[in-house]
Every structure is written in C-alpha cells, then in structure tokens.
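>>> Pasting the sequence and the predicted model now:
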Amino acid sequence: MNAGIKTLRIDGRDVSARADQTILQVARENDIFIPSLCYLEGLSPVGACRLCLVEVKGASRLLPACVTRVEEGMEVTTRSERLDAYRRMILELLFSERNHICSVCVSNGHCELQSLAERLNLTHVHFPYRYPRLPVDASHPRFVADHNRCILCTRCVRVCDEIEGAHTWDVMGRGIEARVITDLNQPWGESESCTSCGKCVHVCPTGALSEKGRSVAEMAKRRQFLPYLTMMRTQAR
Amino acid sequence: MSERRIVIDPVTRIEGHARITLYLNADGQVENARFHVTQFRAFEKLCEGRPFSEMPALMARICGICPVSHLIASAKACDQILGTRIPPVAVQLRRLLNLAQIVQSHALSFFHLSAPDFLLGMDSDPARRNLFGLIEKHPEMARDGIRLRKFGQQVIERLAGKRIHPAWVVPGGVSEPLAPAAREAILAELPEMRAIAQRTLVWFKSVLHEFREEAATFANFPTLFLGLVGPDGELEHYDGQIRVVDAAGRIVADRLAPERYRDYLGESVEPDSYLKSPYYKPEGYPDGIYRVGPLARLNIADRCGTHAADQEWAEFRQLERGAVLSSFYYHYARLVEILYALERIEQILAEPQILGRHVRAQAAANHPEGIGVAEAPRGTLIHHYRVDEAGVIQWANLIIATGHNNLAMNRGILQAARRFVDGNRLSEGALNRVEAVIRAFDPCLSCSTHAVGQMALRIELRGPEGELLHEVSRGA
C-alpha cells in the first residue's frame, strides 16, 4: 500500500487524497463546495476568514478546511444547519464592518463576497452597520485601493510577498482597526517597493483593489494565472 | 382673525414625496400656497471621496425612473474631467439611450399618471381614478401607454444591458457597442410605436377643449423658458447650448455655454423645502422665474428637426401667440416629444456607422473640474464635479430638472387653488386639480413612484392655533 495516500469520507462520499493535501483541496478536487474567501489556490493558506470551517467526526471543535490536513478514516461534514448559521453570521459581520455597497461597486457582479452571500442565501444583515469613514487611495497611476470594500483576507499581502517578491502590502493595526497598507503606510502612488504588476488587484476578492478608471460593475478579475505562476517559480528554483 | 391651512400630504400620482400647504384667509379664500419636497437625499455630499469613474452609475441611483438622464449628465461631466472628445459612435449611442428614456418617461407621465384625470375626469371617484380604473374603462389607451413605455425601457435594455440603473454609460463613452440584433429588434417595433404616438396626439387634441379651465389656471402665467437647442436652433436633448426665451417667444439669450451656468443661473434655498429654487440671474430673484422641460423645449426651439414632429410642433405653437404659457400643455408637449424621439431613434439607427466598435476613449483625470448638461425628460439637468489630482471627487453640485420648475410650480398651485379651492366647501375634485398642476410638471422628486395612487391623500384644515378644524382623506 502507498503510505502517501489517505482515504476519507466527505459528506458520506469516499474520497482518496495525498497525505499532504488539505480537506479543502480534496473537496474541491471532488467538486464538493466549501465556501472560502481568504484561501486562493497558489497562495499559502492562512485560515483567516473561517468560512471553510467543517465538522470532523471525533473533533470537539470545528476545523478550518483550508489548513487541516487529511487523515486516514476522517469523516468530514461540509454542510449542516450549524455550519450554515456560522457562515452566514461571518458574512453578515463582514458586511456590517465596512461599507460594502454592491450596487455602486466597481466589482458588482464579479465579487466573491457578493456571490457567496447569494449562494449562502444571505437575505439580511442582523448586526448594525458600522459605517466607518475609510479613505480611498487613488494615488497610484494605475490602481485604486478602496478600504471601504476590504475584508482583510490578506490575499494581496501574500501574492505580493510570495509570488511577486515585493512585499509592498502588509497589515497595520489590530482587530477592528486593522487595515492593509502599502510600504510603511504611505500612499500607494509613493510606494518605492511596488512594481505595479497588478497581481494584488486580480487576487482581491472584492472591489477593494481595482484598476483605475473602471466604472461600476466593470472590474472583473482574472486569477487563472496564479497556480501556473506558482508552478513555474517552484520549478525554476 | 384666523389664518387657516389646508395640507395635501402626500401629493399622489407623482414621482417622489411631496406636500402642499394652502393658506386660507378669514373668508376661507386661498391666500398663499406652498409646495414642499419632504425628502432629503444628500447625493452631493455622499459622493465626496469616491473615484470620479464611479460617478455615472452612482448618480444614476438618484432615480429609478430617469437613471439614464443622470448617467448621461454625469458621464458628460466626467468626459470633461478626462479632457477627451468621446468617439462619435459613443455620442450617437448615448443619444439613442437618452431618447429611449424620454419615450418611456413621457409615456409613464402621460398614460400612467395623468391620463386617469383626462379620461375618467378630474372629479371622478379617486378610488378608481388611477391606472387600474383606466385599464377597466379604456383598455386600448392603457395598453398603448404600457406598450410605449415598455418599448422605451426595452431600447434601454437592448443598448445598456438592463432597464433600470444600467452602468453602460461610462466616462469616455459607453462600455459596449450596439449589437446588430438589438438594432434590428428596435427598428422592427418602431412603426407600431409611431402609430401609438400619432393616434394619442389626435385623440388628445380632440379633447383639449374640455380642459379649457384647467389650461387657463394650471400655472398659466408669463415666465422665461430655458433649455438646450441644437446648432441650428432645433430641438436637442443630448448636447447643444442654452437658450432663454421670454413669454412673448422672443429670444432673451442664446448660445450660452452650458458650462457657464453659474454666470446666469442663481440658486435660492427655501426654508420649507429640500428642493432648491434656481432663477435666471439677469432678472434676479424671484423675477427670474423660468420653466424647463417639454413645454419649455418646444417654446425655445425653432423646429424639432424631424418630419412628423415638425408638423405637430407647428400646430402646437399655434395654441398661443408667442410662447405657450399654460403648464397644462406640458402633457401635449410630451406627446410631441415622444413622436420626435421615435423619429430620431429611427434616423440614428439608420446611420451606417452606428454599429461601430470604437465606443470608448481612455484617459486619466486630466482636468480638475467637469460640468455635464443634458436635457432630461423633465428639463435641463446639470452635474458639476471637482476632483483632486488622483481623480477623487472633492465637491459636487447638481441642478435637477425638477428644481428649475420649483418657483413656477409654487406659483402654479397658488393660481389653481385660488380658482378651484373654496376653504368653506372643500371638495376632493378641487384638491385633485391642485395636485394635477404639480403632475403637469411631472416632477421627479426622487426615485419612488406611486403610479397607482394607493397612498392616502390627507387634507387637513387647521385653525390659527393649529387645531384641526376639518379633515378629508382618501385612498389606502
């Protein structure tokens, strides 16, 4: 027997996986839907958004599928009333935290937050909106950062560091005050490290990062390039 | 001794929320009248800090009836911020969209909102005096109105992807070229629409004499008229320059640059309304009262510029010597404009380059300021923005078409109230006429419609201490 292959059950289906794979990867390979926002194939997982929490038989708590390795004989449940309620609550909290106004957003119709809300039947936000006053940084000649639409998934931070190697983006502040910044919290247009490659814009799940001059609903993003870039760089090393 | 008030709240079968207060003297006669717009929207403030490229679609949210008008005026302001001339095909496509908007909005105003007054009577049962009553009594007329409005909305959808709040108009042009199939579909429906417009005109002209009293008292007084005209003085809705005409029909000012509106238009703010009251500066406030919209456009233009509409226009201008002064004739003017818009749509669709693929100019924010002016269904619409170097909106000023007519609407309800309302014997039909003055202007007070008139109309008669003397209510 190949020790590198594990067999497990997801939602009652028998599946097999390599030992180094996560529950989320295996689920996606088998067309089993687990929602996620911070995870993106080609970037290191961080388990930040908690939308991919799943039930694992024998585990006392819910486990994030994006950072949990498969184990032999594991029994995973990806959909239950409890999970649905938690996931909707997470989305509601994201919506209430900043100013996500889909109808006038550059990413309307192309947004992962919006489409997840539709898919999970989110009809209302039960928490009071915070309506924070957040800036729009349009200082970069080609791109715009709108903190009103940011969900702090840190995909931009990771793609800039891991793929482009510039590490222009990072996170400043803690908790509700946290914000993504360029360099040492300078205007993006004044950043010395930014190569203007645009990868951050295309991995951003919402309208937080967009190409300048895009009008409402025009900012469709292309992310197919990412796994190939990762693969080519690994091979080059 | 006592001053008493009659309050009409809300005003029904208009677009948005408003209230009318009639002030009575001791003899129960109407002394004064005020029109209050009771909603506060604050679009000029809430767009501050947003990238200018979002503005057309953001501003379109002002209104669900005429989002296209705001899209166009806003995009024109943004074109100036870009500092580009947009591709000629894009100009014609925007023009088409604006004409379709005029067809659907005028059809809504005439058939859905005002036709119940014409066909069922100003004094008829208010519970039936609405679109449903119309469908019951005059199904062909109701069907014509619905067909015409649907056509306009479908042209918008075929061009822009959706009927309400499309994001197709963008700074620098439009986002997609016209599809050949969409062109054919629109052309196929045009003959039926022209027939509807023409038979409605024939019918309306035949019943005009029944509304002689309304025509005499529905905001019928001398004012200036203002709007855009084309380079040869023809009817124009997308581009052109400002012309001002007086009550005698004489041109007071011509070829005014729309961008310099602040030189000749002042804005005053009344304490009891959220609607600003613009006036023509050379005449001062409030003598600089002017009207905009369909009536004004037909009064200022030298002709329409299309065959059938030109004939109708000539007949329309025969109504009075000089300018046509009664606001009751806004309805008539709307029908002429529908016919014109249908003819223009056909002309533009026949242009060989209309299917051209180059429909958008790309540029960054090159200028700190932009002013976009276009003719919305209700009149001249002005969007004025200032941006910082990064293209982020710092300041915005909007003059909405309905605003221009504010002074005239106020004076108009006073005129009609003095003629029809007797404070000692309140009748529902009299109050309906006061509302109908407002309806003639087809004000777009925000974005909500009460086309069915299901909201309660409340009329209160109050004494000097505010005590309720009498109350009449209808609807709901």
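Cool, the structure landed.

>>> from memory residue B:230 sits against residue B:305, does it?
Yes. At 6.9 Å, residue B:230 and residue B:305 qualify as touching, with contact defined as C-beta atoms under 8 Å. Glycine gets a C-beta too; all of them are placed from N, C-alpha and C.

>>> hang on, residue B:169 packs against residue B:75?
Yes. Between residue B:169 and residue B:75 there is a contact under C-beta under 8 Å: 4.6 Å.

>>> Next secondary structure after the top helix by length along chain A?
In chain A, with assignment by DSSP state H, the single longest helix is helix A:81-97. Counting by DSSP states H and E, the next helix or strand C-terminal to helix A:81-97 is helix A:112-119.

>>> now that following helix: how far from the chain's centre is it?
The chain centre lies 12 Å from the centre of helix A:112-119; the measure is C-alpha atoms, centre = their mean, to the nearest Å.

>>> what about stretch A:133-141, average pLDDT?
For stretch A:133-141, the mean pLDDT works out to 96.

>>> buried ones in it?
A:136, A:137, A:138, A:139, A:140 (16 or more other C-beta atoms under 10 Å in any protein chain shown).

>>> And for stretch A:189-207?
Result for stretch A:189-207 [16+ other C-beta under 10 Å]: buried residues A:189, A:191, A:194, A:199, A:200, A:201, A:202, A:203, A:204, A:205, A:206, A:207.

>>> In contact with residue B:194, which residues are there?
B:308, B:339, B:342, B:343 (C-beta atoms under 8 Å, 6 or more residues apart in numbering or on different chains).

>>> same thing but 6 Å
Neighbour list for residue B:194: residue B:342 [criterion: C-beta atoms under 6 Å, 6 or more residues apart in numbering or on different chains].

>>> pLDDT at residue B:142, what is it?
We have a pLDDT of 95 for residue B:142.

>>> Name the nearest residue to residue B:345, ignoring sequence neighbours.
residue B:99 (5.2 Å; C-beta to C-beta, 6 or more residues apart in numbering or on different chains).

>>> Determine the three-state secondary structure at the one you found.
helix (DSSP: H, G, I helix; E, B strand; the rest coil).

>>> I'd like the distance from it to residue B:325, if you could.
27 Å (C-beta to C-beta, to the nearest Å).

>>> Between the two, point out the one with more neighbours.
residue B:99 (25 against 21; other C-beta atoms under 10 Å in any protein chain shown).

>>> residues contacting the more buried one?
B:341, B:344, B:345.

>>> got the contact list for the spatially most central residue of chain A?
By C-alpha atoms, centre = their mean, chain A has its centre lying nearest to residue A:38, at 2.1 Å. Residue A:38 is in contact with A:46, A:48, A:49, A:153, counting by C-beta under 6 Å, 6+ apart.

>>> Spatially nearest residue to residue 77 (excluding sequence neighbours)?
Reading this off chain A. residue A:55 (4.1 Å).

>>> nope, chain B please
Distance criterion C-beta to C-beta, 6+ apart; nearest residue to residue B:77, sequence neighbours excluded, is residue B:372 at 3.3 Å.

>>> Pretty sure the one you found sits in a helix.
No. Assigned with three-state DSSP, residue B:372 falls outside any helix and is strand.

>>> what bridges to it?
Taking DSSP bridges, one obtains residue B:383 as the residues bridged to residue B:372.

>>> Please give me every residue in contact with it.
For residue B:372, the contact set (C-beta under 6 Å, 6+ apart) comprises B:73, B:76, B:77, B:383.

>>> Can you flag which of the residues you listed belong to strands?
residue B:383 (DSSP state E).

>>> Among the contacts of residue B:372, which one has the most neighbours?
residue B:73 (31 neighbours).

>>> average pLDDT for stretch B:211-231?
Mean pLDDT, stretch B:211-231: 95.

>>> How far off centre is it?
Offset of stretch B:211-231 from its chain centre (C-alpha atoms, centre = their mean): 13 Å.

>>> For it, measure first residue to last.
36 Å (C-alpha to C-alpha, to the nearest Å).

>>> buried sites along it?
For stretch B:211-231, by 16+ other C-beta under 10 Å, it's B:211, B:214-215, B:217-220, B:223-230.

>>> And stretch B:288-307, by the same measure?
In stretch B:288-307, counting by 16+ other C-beta under 10 Å, buried: B:288-301, B:303-306.

>>> Please consider this matter closed, and thank you.
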